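**Q** sequence first, predicted model second:
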Protein chains: 2
Amino acid sequence: MIRTELTAGLAEAVRLSQPEDAIDAMREAKKGLLDFTAASFAGREEKGIQKLLHLVEEEGGTPLVPVIGQGKKAAPLQSALLNGFIAHALDFDDVHSDVRGHPSAVILPALIASAAARESDERLLGAYIVGVEVMARLGESIGSLHYEKGWHNTGTLGAIAAACAVGYAEELTQEELEKAIGFAATQSAGMRVQFGTEMKPLHAGLAAQSGLLAVKLAQSDVGGTRTALDGEKGFFGLYGDVDKAQTTLLSHWGEPWRIVKPGLWFKIYPFCSAAHHAADAIRQLISQEAISADNTERIEVVFPPGGDAALTARSPKTGEEGRFSVEYVIALALHGQKLIAEHFNSDPIPNHMHAAMRHIQRVYDNRIQPASQAVPKGRFTIVRAFLSDGRICEARVDCPKGAPGNGLSKEDVKEKLKSALPSDVQKAAHIIGAIERADMKEFLSHLD
Amino acid sequence: MIRTELTAGLAEAVRLSQPEDAIDAMREAKKGLLDFTAASFAGREEKGIQKLLHLVEEEGGTPLVPVIGQGKKAAPLQSALLNGFIAHALDFDDVHSDVRGHPSAVILPALIASAAARESDERLLGAYIVGVEVMARLGESIGSLHYEKGWHNTGTLGAIAAACAVGYAEELTQEELEKAIGFAATQSAGMRVQFGTEMKPLHAGLAAQSGLLAVKLAQSDVGGTRTALDGEKGFFGLYGDVDKAQTTLLSHWGEPWRIVKPGLWFKIYPFCSAAHHAADAIRQLISQEAISADNTERIEVVFPPGGDAALTARSPKTGEEGRFSVEYVIALALHGQKLIAEHFNSDPIPNHMHAAMRHIQRVYDNRIQPASQAVPKGRFTIVRAFLSDGRICEARVDCPKGAPGNGLSKEDVKEKLKSALPSDVQKAAHIIGAIERADMKEFLSHLD
């Protein structure tokens, strides 16, 4: 890095990136795009989408960008809002451990809006790699206290990442990019108190929209600061820790690309990733130890302290709230239910599940050594079942299925898309083919 | 108050408000609307407006709401963005000392969008009173550290205030209002590092848009938390101080209405209110002591510590940056220039002004007792001129012209509107008449 200022340095790093030359990064970007599309189509019938579509239609707008799975188009900024919501609606989209949030559900809706509206999509995959790079580095730089205080990283970091991604795609100048970063930073928002409601996925849509707007403002020559990330009153000073950012934001940029290492985590369950360890563990106990609702008296779920911060619902009322409840996930599995989307919608949770959840208790243990391959770093979950015959069985998971190190293959992700489009095999095949050939025009033509 | 929870309590206080019965509050609301209109028309030719209009037109949308002074209409959410920017473009719009920011530039664009789109404007003035009440109380409750850390209160508090105002106007239910407060809170943003750029007034537009969107989301039955202001991870915990909010947010609601006491501060100069004390003082010295650029060697400007926090530009490059520079304001006056909008646009500041600014120094003195009538509380500014003949003259201002206690009369505000529309006397007369009769339909019909 030539520049040491955070904003100028980030803009320069983005601008001079050449992710298209990195074969491994491009491969992961295609996989990420495929998984994003799968998660979005899987969520395309969520009730919230119709509510938002209605609201957007009242505003009107020039329909230029496909709204995923809805058979219609919307104006660019509106499409970013809608597609961000759709992608994150089921919490089935990827996460990234550096981000502690959802990069693709913010970055890709902004990029899709940019590409479709300009009919220029050559740099889409490269821009996606750059966007993930930015969001991962923002996440690392902002520090863990940011999330723990109550911010929702998907929202607060997503706008800047989306602005940088679109800025790369649209080849902004250094000055435009510095300003766009500031326009996004000054819109950064999103509170974790919205977890378990439809507003949580809407944070992804709002961040995508803010990031896209930031680029449009810069291109329109609107005036703004060029140093929004710097100093005590800048973004890192205000939302995090500016000293930490100085050492982590820009060092070893793209070496390797963060989309490759640690890499995106593609989910096999449609709920918060913090409950995936427990989900794998309980399924293991069920299949190997034959535990069930009938022979289990109570269950302890052991986390490292703070490891369940995202799991805000201990007695969720709806399946939607249950996306953030390890108790609900375990109770479902114990009652022989599949961990699929239909159990995580806005319907009320039935009474027998509430009864079952009351026998599941969270425990924290800071004496247990996390595994070196743990994802996220330092995390583990032990599910310990106390059976009616006096036996105690337990299973520990450090790196759940789907997480980097135990990741999904390209074929697994293709299957995820096909499962999301059970009645439209051809559409799934078209999308898979288009992404494999990196034909983004063709990809976009099948998206609505 | 029956309810002690902050979110539910605020929603209830808003919902049960009857500001229309308070004659003094309605009088101030009319004056505030008149001043808002004057500030907006005065700024209607700012360069930034065309940039934003172009951007909005690319998106398209159903033209339902007048865009002030532009001879056109825009879709509701777009109009809120545009009109917020226009109202705050010159920094000539009102401030409120409890808010430490600009209430009307956020609240009224949201209310105008709501009223024009629904063709229902009966509750507009009452809703404005409620919005100012909310924003003043949010400002008091969030604590002074919020602003000092780097937040821009107009943005961070404005969205919630606008949501409450529109929520009152559109008669939301208790649940809808609680959710709307949360939808606005989770979009709260705006950093002071954007001061001195076009992004600062755009913060007002973004907050107006976020507040309006919050109400639309609640009306569309989108799911969200009903307790966003409460608890350590809620809005006050995250952005301020939840304990302070418990004691200040709701006590003595509307007794008297905050729009009456301390009241809105209507500006006589188009720059940051923190420089108005110094502007009055230097003008006093010029007229009473006959000081000028020729006979003045240097100037000290004395503040209480932190009293110049908003005046972020010590050597501004453009007139726009000069809105936040006490040095520029004093240098202009000293050189016989009027303190009017044309000196505060995006043109570069000429060299002789830079030379003059270098002889103006800020000094802080915590031994000086603030006056009881000081606005804002605890503030004063002393301008001390060291003349070439050895004399030292000084003038102290605690409550500048326009501020509550030294406020503008209704006639003064009418004059401000007339000055803003020099070539359209009839339009000014129509607007004045419509506001006096509280005929909001007529008012809206003259706004574009």
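**A** Cool, the structure landed. Residues are numbered from 1 along each chain as shown, chains lettered A, B, ... in the order given.

**Q** domains for chain A, by residue range?
**A** A:6-263, A:273-397 (automatic domain parsing).

**Q** out of those domains, indicate the one that is most buried.
**A** Between those, domain A:6-263 has the highest mean count of neighbours, a mean of 24, where neighbours are mean count of other Cβ atoms under 10 Å in any protein chain shown. Just so you know, the C-beta spots here come from the backbone N, C-alpha and C atoms, and that holds for glycine as well.

**Q** in what helix or strand does the nearest residue to residue A:443 once chain neighbours are set aside lie?
**A** Computed as Cβ to Cβ, 6 or more residues apart in numbering or on different chains, the closest residue to residue A:443 that is not its neighbour in sequence is residue A:434, at 4.0 Å. Using DSSP states H and E, residue A:434 sits in helix A:425-436.

**Q** got the buried residues for that helix?
**A** A:427-428, A:431-432, A:434-435 (16 or more other Cβ atoms under 10 Å in any protein chain shown).

**Q** now the element after it, going C-ward?
**A** Next element after helix A:425-436 (DSSP H and E): helix A:440-445.

**Q** what does stretch A:245-255 rub up against?
**A** A:1, A:4, A:6, A:9-10, A:13, A:17, A:19, A:22, A:25, A:133, A:137-138, A:140-142, A:229, A:236 (Cβ atoms under 8 Å, 6 or more residues apart in numbering or on different chains).

**Q** now the helices for the stretch 301-448 of chain A?
**A** Secondary structure of the stretch 301-448 of chain A, counting by DSSP state H, counting those that start in this stretch: helices at A:319-322, A:326-334, A:351-357, A:410-420, A:425-436, A:440-445.

**Q** list the contacts of residue A:292.
**A** With contact set as Cβ under 8 Å, 6+ apart, residue A:292 has these partners: A:286, A:334, A:336.

**Q** before we move on, back to that, ok, the residue nearest to residue A:443 - contacts?
**A** Residues near residue A:434 by Cβ under 8 Å, 6+ apart: A:440, A:442-443, A:446.

**Q** and it, how close does it get to chain B?
**A** Using Cβ to the nearest Cβ, to the nearest Å, residue A:434 is found at 27 Å from chain B.

**Q** and the gap between that residue and residue A:121?
**A** Distance from residue A:434 to residue A:121, counting by Cβ to Cβ, to the nearest Å: 11 Å.

**Q** same deal with residue A:254?
**A** Separation of residue A:254 from residue A:121 (Cβ to Cβ): 22 Å.

**Q** closest to residue A:415 out of the domains of chain A?
**A** If you check each of those against residue A:415 by Cβ to Cβ, domain A:6-263 wins as the nearest, at 8.7 Å.

**Q** measure that closest one end to end?
**A** Start-to-end span of domain A:6-263 (Cα to Cα, to the nearest Å) is 24 Å.

**Q** got it, and stretch A:314-332?
**A** Terminal residues of stretch A:314-332 lie 14 Å apart, using Cα to Cα.

**Q** can you list the residues that contact it?
**A** Contacts for stretch A:314-332 (Cβ under 8 Å, 6+ apart): A:90-91, A:195-198, A:269-272, A:274-275, A:278-279, A:282, A:299, A:301, A:308, A:310-313, A:339, A:343-349, A:353-354, A:356-358, A:360, A:362, A:381, A:383, B:223.

**Q** quick check: closest non-adjacent residue to the residue of chain A most remote from its centre.
**A** Within chain A, the residue lying farthest from the chain centre (Cα atoms, centre = their mean) is residue A:389, at 41.6 Å. In this structure, residue A:389 finds its nearest non-sequential neighbour in residue A:295, 7.0 Å apart by Cβ to Cβ, 6+ apart.

**Q** how about residue A:284?
**A** Using Cβ to Cβ, 6+ apart, the closest residue to residue A:284 is residue A:395 (4.5 Å).

**Q** wait, what's in contact with the one you found?
**A** Contacts of residue A:395 by Cβ under 8 Å, 6+ apart are A:280-282, A:284-285, A:288, A:382-383.

**Q** and the pLDDT for residue A:119?
**A** Residue A:119 carries a pLDDT value of 86.

**Q** also residue A:3?
**A** pLDDT, residue A:3: 56.

**Q** could you do the one 5 residues further on as well?
**A** For residue A:8, the pLDDT comes out at 97.

**Q** circling back to that earlier point, so how far is residue A:37 from the residue nearest to residue A:443?
**A** 10 Å.

**Q** which positions in the stretch 151-300 of chain A make contact with chain B?
**A** A:151-152, A:155, A:182-183, A:185-194, A:197-199, A:202-203, A:206, A:216-217, A:220-225, A:227-228, A:231-235, A:237-238 (Cβ under 8 Å from any Cβ of the partner chain).

**Q** now residue A:268. Nearest residue, chain neighbours left out?
**A** According to Cβ to Cβ, 6+ apart, the nearest residue to residue A:268 is residue A:402 (4.7 Å).

**Q** follow-up on the earlier one: of the contacts of residue A:395, which belong to strands?
**A** A:382-383 (DSSP state E).

**Q** for the most centrally placed residue in chain A, what are its contacts?
**A** Closest to where the C-alpha atoms of chain A average out (Cα atoms, centre = their mean) is residue A:102, at 1.8 Å. Residues counted as contacts of residue A:102 (Cβ under 8 Å, 6+ apart) are A:88, A:93-96, A:154, A:158, A:204.

**Q** next: residue A:55.
**A** The contact partners of residue A:55, taken as Cβ under 8 Å, 6+ apart, are B:216-217, B:220.
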